[in-house]
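Undergrad: Using only what follows, build the 3D model:
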Amino acid sequence: MTEQKEPAESWLTNWESSTVDEWLRKQEDFDKLRTPDDELNEQKLWCLFQSSASNIALMYKECCNPERHDQKAWSTFGAAASAITDLYREALDQTKKARESAMERGSRNRTRDVLNWLKKKRRRHLKREDLIAFLCDQQAPCRKEERRERPADLTPFRDALLLQRLSGAMSHMGVSQTGSGNDDFQRVLLEDLSRHISDTKKRAAPSSGSDSPNSRKKARFH
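TA: Predicted coordinates for the structure are as follows:
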């Protein structure tokens, strides 16, 4: 019995699905398209090459002719040099156009790959590391390893729990005792404890930078 797989693009909305499909269809048409300018540029480059080759052959023939005239030889050399220069300029211009076309095609291919990758995802929300890993052609890190590398700091929660317990204990003590003296005692005790916790955090904060090269240099001069 075969299982029916859920469509990969089921989480996409109708607008998203139609937009992606339309763009992918246009991309296929763009890949198959061959503009008339491409053929015209190739023909122009081929004609310039033929002209250059003919002028070089004519110049060689004039140089090998024992009855050559200097004026005619110079004219032949000038025509060959001009043809080669035109060929070089046209080749340089077409190389620039080909580079721009390749960059545009590469950008379209990247967009196509991202859209196809999104359509294969089963979740509506994507993880940031998954997207970065796909764009950089890398493997996303494991979640468990990240948790080991960055343990959670529970100090604020412990401090808050300690204050809550102390406040509760002092309130129980205040049930059997009356007068403003007990309230002042509770207030002073809570303030001292809060100040102690705050000072502990301030001392622990710059401890990570105590091993830096600058701190060691300063310690040598004391």
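Undergrad: Please make it C-alpha for all contacts and neighbour counts, starting now.
TA: Noted.
Undergrad: quick one: the helices in this protein?
TA: Along the chain, counting by DSSP state H, helices occupy 14-32, 36-64, 70-120, 128-135, 143-149, 155-176, 180-204, 213-221.
Undergrad: If I average pLDDT within each of the ones you listed, which one is lowest?
TA: Within the helices of the chain, confidence is poorest for helix 213-221, with a mean of 51 (mean pLDDT).
Undergrad: need the contact list for residue 56.
TA: Taking CA atoms under 8 Å, 6 or more residues apart in numbering, we find residue 56 in contact with 77, 80.
Undergrad: let's go with 7 Å and repeat that
TA: residue 80 (CA atoms under 7 Å, 6 or more residues apart in numbering).
Undergrad: how far away is it from residue 141?
TA: 62 Å (CA to CA, to the nearest Å).
Undergrad: How about residue 27?
TA: For residue 27 relative to residue 141 (CA to CA), the value is 32 Å.
Undergrad: got it, and residue 67?
TA: Distance from residue 67 to residue 141, by CA to CA: 80 Å.
Undergrad: quick one, domains of the chain?
TA: 14-141, 155-204 (automatic domain parsing).
Undergrad: How many residues are close by residue 16?
TA: 12 (other CA atoms under 10 Å).
Undergrad: okay, now residue 190: neighbour count?
TA: Neighbours around residue 190, by other CA under 10 Å: 16.
Undergrad: where does residue 141 fall, phi/psi-wise?
TA: phi -70, psi 160 (degrees, to the nearest 10).
Undergrad: Who has more neighbours out of residue 67 and residue 141?
TA: The neighbour comparison of residue 67 against residue 141 (other CA under 10 Å) goes to residue 141, with 11 against 8.
Undergrad: residues near the nearest residue to that one once chain neighbours are set aside, how many?
TA: Leaving aside its chain neighbours, residue 141 sits nearest to residue 129 (7.6 Å; criterion: CA to CA, 6 or more residues apart in numbering). Neighbours of residue 129 under the rule other CA under 10 Å: 14.
Undergrad: now do residue 83
TA: Neighbour tally, residue 83, other CA under 10 Å: 20.
Undergrad: which one is it nearest to, not counting chain neighbours?
TA: Closest to residue 83 by CA to CA, 6+ apart is residue 52, at 4.8 Å.
Undergrad: I'd say the one you found and residue 80 touch.
TA: Yes: using CA atoms under 7 Å, residue 52 is in contact with residue 80, at 6.0 Å.
Undergrad: Need the phi and psi values for residue 139.
TA: Dihedral angles (degrees, to the nearest 10) for residue 139: phi -100, psi 130.
Undergrad: So it versus residue 15, what's the distance?
TA: Taking CA to CA, one finds residue 139 at 31 Å from residue 15.
Undergrad: what does residue 138 give?
TA: Counting by CA to CA - residue 138 and residue 15 are separated by 31 Å.
Undergrad: Look at those two and report which has more neighbours.
TA: For residue 138 versus residue 15, the count of surrounding residues by other CA under 10 Å is larger for residue 138: 12 against 9.
Undergrad: what's the spacing between that one and residue 132?
TA: Counting by CA to CA, the gap from residue 138 to residue 132 is 8 Å.
Undergrad: what's the answer for residue 54, then?
TA: On the measure of CA to CA, residue 54 and residue 132 end up 55 Å apart.
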